[in-house]
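Peer 1: Sequence first, predicted model second:
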Amino acid sequence: MTRSESSASVMARRTKIVATLGPATDDPDTLERLIQAGCDVVRVNFSHGDPETHARRIKMVRAAARELDADIAVLADLAGPKIRIGHFKEGRVNLEPGQAFALYAQDQPDAGDQHGVGVSYLGLAEDVRVGSELMLDDGLIVLRVTQIEGQRIDCEVVNGGVLSDRKGLNLRGGGLSIPGLADSDKQDIERAAEWQVDFLAVSFPRNADDIDHARTLLRQAGGHASIVAKIERHEAIENLEHVVEASDVVLVARGDLGVEIDEAELPGLQKRIIKTALAHNKAVITATQMMQSMVENPIPTRAEVLDVANAVIDGTDAVMLSAESAVGKHPVKVIEAMSRICQGAERHVEAHVPSGLLNVRAERIDQAIAMAAMMTANNLPVNAIIALTESGSTAQWLSRVRSPAPIIALSPNRASLRRTHLFQHVKPLFFPPLDASGETAASVARRALAHVHKAGLVCPGDRVLVTLGDQYGTPGQTNTLKIMTVQAPVQ
């Protein structure tokens with residue numbers, strides 16, 4: 001292997017892939033092949049299934065990761081205060097444009113019929129007015145409010161179609177006063193802490209307080225997961241800067257967001273959200289229907305190829321699959337296809353052009369070291385950057401600045417390694433500390449180079465940057481940057 005080939009082989013794909021678990025991935029062999037195909041993070045969607053199913057799937061992932069020696073991260077996605085209609089007597093109704101249809105914001109309403117149905121949010125009548133447009137089933141059904149009497153909301157059907165049980169409801173333009181966390185979310189947060197998930201996604205947050213509330217509940221329950229803010233409400237867009245700053249990761253949730261706003265605004269908002277997340281040095285995931293046709297088909301449409309590629313060009317850290325991997329017919333093929341598309345997009349963007357420095361005034365030593373490393377990597381030919389990190393924060397800072405050199409995160413902390421799976425251009429690698437105390441930074445650096453070489457990630461003669469601290473294994477102590485050359489092992 002040549003020197004150039006070694007750096008290229010460290011990580012063929014910069015962008016990470018998040019795959020939602022479901023019935024299609026419940027076979028252990030399929031799950032292993034999913035990971036081998038390039039899945040970096042698995043998502044457990046609390047909106048579907050019961051706690052026993054979620055626990056079983058997380059256990060399966062951890063077992064598969066151990067078998068493959070891969071530190072796959074787990075993202076638990078809270079259901080959130082999703083507003084849903086109730087049940088129909090016959091399971092569904094067919095609504096025609098122009099017909100009258102009522103919504104009943106009542107506790108335990110009767111089963112619905114052709115004339116109306118109950119709704120789970122009891123405060124809906126106070127949040128809407130005559131002329132408001134309500135979007136059901138991801139906007140496929142549109143109702144316009146014509147009259148409000150107590151808890152009864154009379155509507156006219158604008159866009160008709162088949163409406164079935166428990167479909168979601170949104171108010172066009174936002175403005176619902178429903179809280180950021182549902183009562184069921186609080187129990188799910190406790191379960192997420194018990195299962196020690198790596199990321200916790202907060203659905204439908206309105207502002208930074210909703211993110212802070214979820215973090216407080218998680219820490220009180222003993223969880224240490226990073227908090228993901230799902231941007232899917234009009235209110236979150238209005239408070240975008242504060243929501244991003246309060247979170248660890250941002251998720252562009254294009255499904256419900258696209259229902260609440262004019263769909264023509266969605267492409268611009270996606271770019272704005274990604275740009276804002278990157279400006280705050282936060283990781284960002286782009287999600288919803290990225291490869292939707294592959295639920296049924298073995299190949300994506302050209303429009304889906306362009307959609308994924310554009311998210312990569314925008315700078316997203318990760319792209320996410322939902323139904324495509326959870327219930328689709330081709331869960332492994334969709335991972336393989338998405339991986340190819342990401343790599344193709346990365347080859348055609350200025351992936352190796354420096355994107356600038358960190359958007360922070362370095363107040364921490366590890367931030368300053370990361371900035372120095374990336375400036376060096378963008379001015380001196382290097383084959384890799386090796387970050388010895390306890391918490392994973394140094395690898396995160398490094399990944400925020402685009403560089404041609406791949407980042408190899410070495411840590412003795414498996415949980416930290418799992419979290420770095422979400423950062424673009426970062427390759428996690430377990431690196432245990434020696435039992436002997438008093439190991440010097442120089443000896444740790446030499447041992448790290450030998451470890452990375454043994455893993456096949458660098459070759460003799462490669463020039464690498466190494467970031468580390470005087471005391472390896474102590475969080476927040478990165479204070480050293482070394483420029484080193486990989487040596488051939490002594491025979």
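Peer 2: Thanks, I have it.
Peer 1: rest of the way, CA atoms for contacts and neighbours
Peer 2: Fine.
Peer 1: Just the CA coordinates for stretch 298-305, please, in CSV.
Peer 2: Output for stretch 298-305, consisting of C-alpha atoms alone and laid out as CSV, is shown next (Å, rounded to 0.1, in the frame of the first residue of the first chain):
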residue,chain,number,x,y,z
PRO,A,298,-34.0,-2.0,-4.9
ILE,A,299,-32.5,1.3,-6.3
PRO,A,300,-33.2,4.9,-5.5
THR,A,301,-34.7,7.5,-7.8
ARG,A,302,-32.5,10.2,-9.4
ALA,A,303,-34.3,12.8,-7.3
GLU,A,304,-33.4,10.9,-4.1
VAL,A,305,-29.8,10.6,-5.3
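Peer 1: what comes up buried for that stretch?
Peer 2: Along stretch 298-305, these residues count as buried under the neighbour rule (16 or more other CA atoms under 10 Å): 298-300, 304-305.
Peer 1: Can you pull up the most central residue in the chain?
Peer 2: Centroid-nearest residue in the chain, with CA atoms, centre = their mean: residue 285, separated by 4.2 Å.
Peer 1: give me the beta-bridge partners of that one?
Peer 2: When assigned by DSSP bridges, residue 285 has beta-bridge partners residue 251, residue 318.
Peer 1: what sits against it?
Peer 2: By CA atoms under 8 Å, 6 or more residues apart in numbering, the residues touching residue 285 are 249-252, 316-320.
Peer 1: How about residue 121?
Peer 2: 83-84, 105, 178.
Peer 1: now these in JSON lines, with neighbour count and secondary structure?
Peer 2: Formatted as JSON lines, the contacts of residue 121 follow (neighbours: other CA atoms under 10 Å; DSSP: H, G, I helix; E, B strand; the rest coil):
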{"residue": "83", "neighbour count": "20", "secondary structure": "coil"}
{"residue": "84", "neighbour count": "18", "secondary structure": "strand"}
{"residue": "105", "neighbour count": "22", "secondary structure": "coil"}
{"residue": "178", "neighbour count": "18", "secondary structure": "coil"}
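Peer 1: ok, these vs residue 146, which is closest?
Peer 2: Residue 146 has its nearest neighbour among the contacts of residue 121 in residue 105, at 15.4 Å by CA to CA.
Peer 1: what's around the residue nearest to that closest one when sequence neighbours are not counted, how many residues?
Peer 2: Closest residue to residue 105 in three dimensions, ignoring its sequence neighbours and counting by CA to CA, 6 or more residues apart in numbering: residue 122, at 4.6 Å. For residue 122, the tally of surrounding residues (other CA atoms under 10 Å) stands at 15.
Peer 1: got the end-to-end distance for stretch 161-170?
Peer 2: Between the opening and closing residues of stretch 161-170 there is a gap of 17 Å (CA to CA, to the nearest Å).
Peer 1: Reformat the contacts of residue 285 into JSON lines and put pLDDT next to each item.
Peer 2: Below are the contacts of residue 285 laid out as JSON lines (pLDDT from 0 to 100):
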{"residue": "249", "pLDDT": "98"}
{"residue": "250", "pLDDT": "98"}
{"residue": "251", "pLDDT": "98"}
{"residue": "252", "pLDDT": "98"}
{"residue": "316", "pLDDT": "96"}
{"residue": "317", "pLDDT": "96"}
{"residue": "318", "pLDDT": "98"}
{"residue": "319", "pLDDT": "98"}
{"residue": "320", "pLDDT": "98"}
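Peer 1: Cool, thanks, talk later.
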